[in-house]
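In: give me coordinates for this.
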Amino acid sequence: MIEIILDTNVLHAGLYSSKGASHQMLRLIEKGKIKPVLSTALLFEYEDVLKRNKRILKLKESDIEIILDNLCAFSKHQKIYFLWRPYLPDPKDDHVLELAVASKIKTIVTHNIRDFREINKFGVRAITPKIFLEEIK
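Out: All right, here's what the predicted structure looks like:
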C-alpha cells in the first residue's frame, strides 16, 4: 500500500468530476491501494473547502460528513509536534508540508505544484494525480 498526502484540491477535483486522475485516486483509496495520511489541520481544511463548495459539488452537508468519515477510516492519522511556518509561498500549504515531514511521507499529490517549490530539501516531492497514477502503474 502506498502512503501519500492528498492535497485538498485533489479531493475537491475528485468529487467534482468522475472523470480524471483525481477521481481515480479516490477510487484507489476506497479499494485500499492508496492510504492517505491525515492530520487534524488537513481534515479541517477538507471539511471547510467541501462545505464552502457543496453547491458546486452537488453535495449535502450530510454527504460531506459521510465522505469525511470514510476518508478518516481509510487514512493513517499523524500528529504534528513542530511548526516551521511560514516556509511555502502560500502559508495555507505549510501544514501539508509539516504533515509530510512528520509522517515521513515522501509524496504530496496536488494540482498546485508551484506552491510546493523547494520541498525537496525535506525529502518530499509534490506531483500531480496524473503523474502519480502513471508512476504506480
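
In: C-alpha from now on. contacts and neighbour counts both.
Out: OK.

In: can you give me the strands in this structure?
Out: 2-6, 34-38, 76-77, 107-109, 125-127 (DSSP state E).

In: same for the last one, what does it pack against?
Out: If I follow you right, that is strand 125-127. Applying 3 or more Cα pairs under 8 Å, 6 or more residues apart in numbering; DSSP states H and E, we find strand 125-127 packed against strand 107-109.

In: can you lay out the strands of the chain as CSV showing mean neighbour count?
Out: Output for the strands of the chain, formatted as CSV (neighbours: other Cα atoms under 10 Å):
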stretch, mean neighbour count
strand 2-6, 20
strand 34-38, 22
strand 76-77, 16
strand 107-109, 24
strand 125-127, 20
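
In: distance to Y16 added to those strands, as CSV?
Out: CSV is the format used below for the strands of the chain (distance: least, Cα to Cα, whole Å):
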stretch, distance to Y16
strand 2-6, 15
strand 34-38, 19
strand 76-77, 24
strand 107-109, 17
strand 125-127, 20
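
In: want to throw those into JSON lines with mean pLDDT and distance to I66?
Out: JSON lines is the format used below for the strands of the chain (pLDDT from 0 to 100; distance: least, Cα to Cα, whole Å):
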{"stretch": "strand 2-6", "mean pLDDT": "97", "distance to I66": "18"}
{"stretch": "strand 34-38", "mean pLDDT": "97", "distance to I66": "16"}
{"stretch": "strand 76-77", "mean pLDDT": "97", "distance to I66": "17"}
{"stretch": "strand 107-109", "mean pLDDT": "97", "distance to I66": "22"}
{"stretch": "strand 125-127", "mean pLDDT": "96", "distance to I66": "27"}
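
In: sketch out the low-pLDDT regions of this protein for me.
Out: Filtered on pLDDT under 70, the chain yields the residue ranges 84-85.

In: helices of that one, start to end?
Out: Ranges of helices in the chain, per DSSP state H, are 8-16, 21-30, 40-52, 54-57, 61-74, 94-103, 129-136.

In: contacts for the second one?
Out: Contacts made with helix 21-30 from outside it, assessed by Cα atoms under 8 Å, 6 or more residues apart in numbering, are listed as 10-11, 13-15, 17-18, 34-36, 74, 129-130, 133.

In: now that helix, how far from the centre of its chain.
Out: 11 Å (Cα atoms, centre = their mean, to the nearest Å).
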